[in-house]
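just the structure for this:
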Amino acid sequence: MVPEHLDEGGPEPLEHEQRAHDLQCPAFVPACRHPERIEAAAVPATPRALLRAVLAELLPLDEERRTRALVHAAYFVRSLNDERLAALFRDAPPALEELAAALIVQARDDGGVAPGVDPRREADLLLATVDGLQTSMLLGHHDVEEALALVDYQLGRIFADGG
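Numbering: from 1, shown residues only. Prediction:
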């Protein structure tokens with residue numbers, strides 16, 4: 001599923017600028033699109049539960065998120081040859097990494113993180129894991145249960161409760 005404007009000709013400069021702006025809007029950040037799903041999934045609202053809910057929101061767990069992942073993949077492929085679009089991808093992940101790291105730091109401050117954990121590195125690894133899981137789920141290599149089990153496994157390595 002490739003948006004029409006990503007065909008061979010590409011958008012006109014003004015259209016490109018508008019699309020770049022649209023990509024920067026909160027609607028393009030998947031984890032922010034449905035805060036109610038994150039709140040509902042994060043009960044009780046612990047840092048670990050919130051982090052799991054945010055990571056799950058990034059996965060193609062249903063048709064809406066699958067479509068979003070496909071559109072995201074199409075924009076990513078286009079960004080490989082479009083520096084302005086590539087800049088948007090480079091600028092977007094730090095916000096998610098910062099959120100993930102902040103939740104790990106919060107849990108660490110509450111004594112809920114395993115000793116020796118580097119919050120920033122773990123945040124980077126969690127997001128890289130989810131990024132890879134998106135692709136493998138789209139290809140049918142992992143189903144929803146397997147993907148969430150892998151996310152839980154990674155979270156179990158970070159958080160002191162292990163479960």
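
helices of the chain, residue ranges please.
13-24, 30-33, 35-41, 47-58, 63-79, 83-91, 93-109, 119-138, 144-158 (DSSP state H).

give me whichever of those helices is most buried.
A comparison of those by mean neighbour count, using mean count of other CB atoms under 10 Å, puts helix 47-58 on top with a mean of 22. Bear in mind the C-beta positions are built from the backbone N, C-alpha and C, glycine included.

so what angle separates the directions of that helix and helix 144-158?
If you take axes from the mean of the first three to the mean of the last three CA atoms, to 10 degrees, helix 47-58 sits at 150 degrees to helix 144-158.

and helix 47-58, what does it pack against?
helix 30-33, helix 35-41, helix 93-109, helix 119-138, helix 144-158 (3 or more CB pairs under 8 Å, 6 or more residues apart in numbering; DSSP states H and E).

what residues are up against Leu55?
Leu55 sits next to Ala100, Leu126, Leu127, Val130, Val151 when contact means CB atoms under 8 Å, 6 or more residues apart in numbering.

how near is it to Glu83?
Per CB to CB, to the nearest Å, Leu55 is found 29 Å from Glu83.

got it, and Met137?
Taking CB to CB, one finds Met137 at 29 Å from Glu83.

ok, Ala147 next?
To Glu83, Ala147 is 32 Å away according to CB to CB.

circling back: Ala49: which of the helices and strands packed on helix 47-58 is closest?
Closest of the helices and strands packed on helix 47-58 to Ala49 is helix 35-41, at 7.3 Å (criterion: CB to CB).
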